[in-house]
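A.B. asks: sequence and computational prediction follow.
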Amino acid sequence: MPDVTLTVQEQGALRALIRTEPVPGRPLPHVSTLELISTLVPCDEIAVGLADATGCVIDSVDLPAVNLGEFDPQVCDGPLTLGIVHQRFDPEHRDLLVRSGIADGVVMGFRSGRDHVVQLSLDRMNRSFTARDLAVIWMIAPVMERVLRSVSTARLPAALTVQERRVLQLVAQGMANADIAARLYVAPSTVRKHLEHAFRKLGVSNRLAAVRAFEGHRPLPAFDETFA
């Protein structure tokens, strides 16, 4: 993978993308997030789609915006791709590019809850993605995973800090404190402290209740305090 040197504009876009947080109550990122990606990896089309297990698209955000009158969400082509795929070098996806008249494409998919997949698609009509482009895509992948896999947090108290929300998100994904600490580059004791503060603000006393609150469910009766 090549070394990547970013221009001042690209550095600004990367910083803004890293700071991006999911909007409570909004399952997909705002189009401004796609604009930041386009600054880092220029594309002719960028889209994010949320689909069920059959591949039926439930919601989408596109850059440039598409006419929803021409969009048929009932066209189900099978489950969306997970992980990162450079379509020009994948036989199945390459055929799709040819049929669509697209020169090159990259897709990045993540599970969103148990039964849905959210996928970011980057398309170029007349040119291929370079090794540098792919390096940038891999560089921003962890950021996009955090943003795209997040569940709605509309009912969470505003007093929760960004880091507390991130810890709760990873707890909701089933990660242990040690794994969360490694993901966030902090000590396990810091994760425990974030959980203690979040539990107090949510009015819960264990991880299960915290996950239910994070996912917008009513809290269960508290039975013990579990931060580990």
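C.D. replies: The structure has been received and is ready for your questions. Residues are numbered from 1 along each chain as shown.

A.B. asks: mind showing which ranges of this protein have poor pLDDT?
C.D. replies: Filtered on pLDDT under 70, the chain yields the residue ranges 23-27, 65-78, 113-114, 149-158, 215-228.

A.B. asks: where exactly do the strands run in it?
C.D. replies: For the chain, the strands defined by DSSP state E cover 45-52, 57-63, 83-86, 104-112, 116-124.

A.B. asks: could these go into JSON lines alongside distance to Pro142?
C.D. replies: (Each C-beta comes from the backbone N, C-alpha and C, glycine too.) Listed next are the strands of the chain as JSON lines, based on distance: least, CB to CB, whole Å:
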{"stretch": "strand 45-52", "distance to Pro142": "16"}
{"stretch": "strand 57-63", "distance to Pro142": "20"}
{"stretch": "strand 83-86", "distance to Pro142": "11"}
{"stretch": "strand 104-112", "distance to Pro142": "11"}
{"stretch": "strand 116-124", "distance to Pro142": "13"}
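
A.B. asks: run through the helices of this protein in chain order.
C.D. replies: Taking DSSP state H, the helices of the chain run over residues 8-19, 31-40, 91-100, 131-149, 162-172, 177-184, 188-202, 207-214.

A.B. asks: can you redo the strands of the chain as JSON lines, where the extra columns are distance to Arg94 and mean neighbour count?
C.D. replies: JSON lines is the format used below for these (distance: least, CB to CB, whole Å; neighbours: other CB atoms under 10 Å):
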{"stretch": "strand 45-52", "distance to Arg94": "17", "mean neighbour count": "20"}
{"stretch": "strand 57-63", "distance to Arg94": "22", "mean neighbour count": "17"}
{"stretch": "strand 83-86", "distance to Arg94": "10", "mean neighbour count": "15"}
{"stretch": "strand 104-112", "distance to Arg94": "9", "mean neighbour count": "21"}
{"stretch": "strand 116-124", "distance to Arg94": "13", "mean neighbour count": "22"}
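
A.B. asks: of the helices of the chain, which approaches Gly55 most closely?
C.D. replies: helix 91-100 (12.7 Å; CB to CB).

A.B. asks: elements contacting that closest one?
C.D. replies: strand 104-112 (3 or more CB pairs under 8 Å, 6 or more residues apart in numbering; DSSP states H and E).

A.B. asks: grab the most central residue of the chain for me.
C.D. replies: Leu148 (1.8 Å; CA atoms, centre = their mean).

A.B. asks: Arg124 is nearest to which of the helices of the chain?
C.D. replies: Of all the helices of the chain, helix 131-149 comes closest under CB to CB, at 9.0 Å.

A.B. asks: and that closest one, which residues are buried?
C.D. replies: Under the neighbour-count criterion of 16 or more other CB atoms under 10 Å, helix 131-149 has Asp133, Leu134, Val136, Ile137, Ile140, Val143, Met144, Glu145, Arg146, Val147, Leu148, Arg149 buried.

A.B. asks: between that helix and strand 45-52, how many degrees?
C.D. replies: Angle of helix 131-149 versus strand 45-52, following axes from the mean of the first three to the mean of the last three CA atoms, to 10 degrees, is 40 degrees.
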